[in-house]
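Asker: I need the structure of the sequence given here:
(one chain, ligands or ions: 1)
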Amino acid sequence: MSHQNLESLDVGAIRDEFPILQREFDGQQVVYLDNAATTQTPDQVVDAMSDYYRGYNANVHRGIHHLSQEASIAYEEAHDRVAEFIGADGREEVIFTKNTTEAENLIAYSWGLNELGPDDDVVLTEMEHHASLVTWQQIAKRAGADVKYIRVTSDGRLDMDHARELITDDTAMISAVHVSNTLGTVNPVSELVDIAHDHDALAFIDGAQAVPNRPVDVGALDADFYAFSGHKMAGPTGIGVLYGKQDLLEDMHPYLYGGDMITKVTYEDSTWNELPWKFEAGTPQIAEAVGLVAAIDWLEEIGMDRIRVHEEEIARYAYEQLAAEPDVEIYGPEPGPERGGLVGFNLESVHAHDLASIMNDHAVAIRAGDHCTQPLHDKLGVAASARASFYVYNTKEEVDKLVAAIDDARQLFA
Ligand code: PMP
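Answerer: Numbering: from 1, shown residues only. Model prediction:
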């Protein structure tokens, strides 16, 4: 279907493209508010992947036959489509990975292990996802480098004075989350990139919660590396994207060795293929790349700005409803441009896991736990939090069901 001619978002029509949203549990229609973990996949994406398997499934790069040629073109051109979507200069700067986590590891192993030393600092934020935090922590340990953390303020923002203090000429790399998956904070990543560059440090931005929900232009941002996952943006699981500036990627060692990433191999040595294939060893995620392109087409048809506005509106409504409950504590900034489409919270005297379980009795799907930010939860003084996260197909009526389930939980545990 076309969304182009809609004045504002026709959420009803959008929902029709997701049969899964019609599912019922115990006679109640599912309310899917776990989008920061994984978004649902519209028919258009499922159909594109099904067309691939039914019509032109074959291995890429090496085939002379028609099917391999068709698969190769689709796979290779998927890099061009992603480059265009995020404002990269071309396919050389777009590497397909398994997910955001693998993209972080690729840079940490390939660049970090070779470039970091005992005189270097890696600067992270206190709100990093484990994908970035654990990766840099462990690689820095092996390289003998120090890891420093930019403080999070009591209202869930980055302390930018502290950032300016921590990022110095000793800093070799900063890694910062664009939108926090726990606090919902939209970080001033452009400012962070500029501070890093002022000190000749590189900047990696984790865009797992940003690219699905707002326009992102990596060229304008000037980040050296940027990563995100297909499964959080209406696309399939199993594919993520690492953007990197071409000159930096050219200078880096491969991360994985094997077929397709080489040019010439002898018993003694090997040379590497051109970008991006140098970083894509073995048979890649061909169907997933086809699905990711379909997801990008689908998102752009709606418009990334309209998606951002819709999510901000739903998040604002959820924040206001939850803030009106006297025994609900909400984490992160007030609604507005500094908050993305998710709300993390706790209900006094009910453990987040119990709350999620009662929500499930109402067919309301939320997430409870540490959301892969254990140190941040320690800082917040809680072991776990509940998180409702929204996407383009969510409605205010669904938020009302979330709040009704909270009332039920309170009564059960009173
Ligand atoms: N960073 C952030 C901010 C995330 O929210 C997530 C997913 N929860 C990740 C990284 C990791 O993404 P993936 O599991 O797809 O590698």
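
Asker: make it CA atoms for all contacts and neighbour counts henceforth
Answerer: Noted.

Asker: which strands and helices sit next to the helix or strand bottoming out on mean pLDDT in the chain?
Answerer: Every helix and strand in the chain was compared by mean pLDDT, DSSP states H and E; the lowest is helix 396-413, with a mean of 94. With contacts defined as 3 or more Cα pairs under 8 Å, 6 or more residues apart in numbering; DSSP states H and E, helix 396-413 has these neighbours: helix 304-323, helix 352-361.

Asker: next secondary structure element downstream of the first one?
Answerer: Beyond helix 304-323 on the C-terminal side, the first helix or strand identified by DSSP states H and E is strand 328-331.

Asker: note down every partner strand of that next one and its orientation.
Answerer: Sheet pairing of strand 328-331 (DSSP bridges) gives strand 342-347 (antiparallel).

Asker: what comes into contact with the partner strand?
Answerer: The contact list for strand 342-347, computed with Cα atoms under 8 Å, 6 or more residues apart in numbering, reads 36, 181-184, 315, 318-319, 327-332, 352, 355, 385-390, 406.

Asker: G27 and A363, how far apart?
Answerer: Counting by Cα to Cα, to the nearest Å, the gap between G27 and A363 amounts to 9 Å.

Asker: more neighbours, these two?
Answerer: The neighbour comparison of G27 against A363 (other Cα atoms under 10 Å) goes to A363, with 22 against 9.

Asker: surely the more buried one touches F25?
Answerer: Yes. Proximity of A363 to F25 meets the contact threshold set by Cα atoms under 8 Å, at 6.1 Å.

Asker: grab the nearest non-local neighbour of the residue positioned nearest the centre of the chain.
Answerer: The structure's the chain has its C-alpha centroid closest to A208; by Cα atoms, centre = their mean the separation is 1.1 Å. Nearest residue to A208, sequence neighbours excluded (Cα to Cα, 6 or more residues apart in numbering): F228, at 4.2 Å.

Asker: the one helix or strand that neighbour maps to close to the ligand?
Answerer: Applying DSSP H and E as the criterion places F228 in strand 225-229. Yes. Judged by Cα under 6 Å from any ligand atom, strand 225-229 and the ligand are in contact via S229.

Asker: and the angle for the helix or strand following that strand with strand 225-229?
Answerer: As assigned by DSSP H and E, the chain's next helix or strand after strand 225-229 is strand 240-244. Regarding strand 240-244 and strand 225-229, their directions subtend 170 degrees when assessed with axes from the mean of the first three to the mean of the last three Cα atoms, to 10 degrees.

Asker: and this structure, which of its residues are near the ligand?
Answerer: Selection of the chain residues close to the ligand by Cα under 6 Å from any ligand atom yields 37, 99-101, 129, 131, 177, 180-181, 206, 208-209, 229.

Asker: partners of the strand holding F228, with directions?
Answerer: strand 202-206 (parallel), strand 240-244 (antiparallel).

Asker: for these, give me JSON lines that also has mean neighbour count and mean pLDDT.
Answerer: Formatted as JSON lines, the strands paired with strand 225-229 follow (neighbours: other Cα atoms under 10 Å; pLDDT from 0 to 100):
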{"stretch": "strand 202-206", "mean neighbour count": "26", "mean pLDDT": "98"}
{"stretch": "strand 240-244", "mean neighbour count": "27", "mean pLDDT": "99"}
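
Asker: give me the distance between the nearest residue to A220 once chain neighbours are set aside and the ligand.
Answerer: Closest residue in space to A220, ignoring its immediate chain neighbours: G87 at 7.7 Å, by Cα to Cα, 6+ apart. Separation of G87 from the ligand (Cα to the nearest ligand atom, to the nearest Å): 20 Å.

Asker: quick one: G87 and V218 touch, right?
Answerer: Yes. Counting by Cα under 8 Å, G87 touches V218, with 5.6 Å between them.

Asker: quick revisit: for the strand holding F228, C-alpha coordinates in PDB please.
Answerer: Provided in PDB are the C-alpha atoms of strand 225-229 (Å, rounded to 0.1, in the frame of the first residue of the first chain):
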ATOM      1  CA  PHE A 225      31.700   4.600  12.600                       C
ATOM      2  CA  TYR A 226      28.000   4.100  13.100                       C
ATOM      3  CA  ALA A 227      26.000   0.800  13.700                       C
ATOM      4  CA  PHE A 228      22.400  -0.400  13.700                       C
ATOM      5  CA  SER A 229      20.300  -3.600  13.400                       C
END
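
Asker: for it, which outside residues touch it?
Answerer: With Cα under 8 Å, 6+ apart as the test, strand 225-229 has contacts from 98-100, 103-104, 203-209, 211, 218, 237, 239-245.
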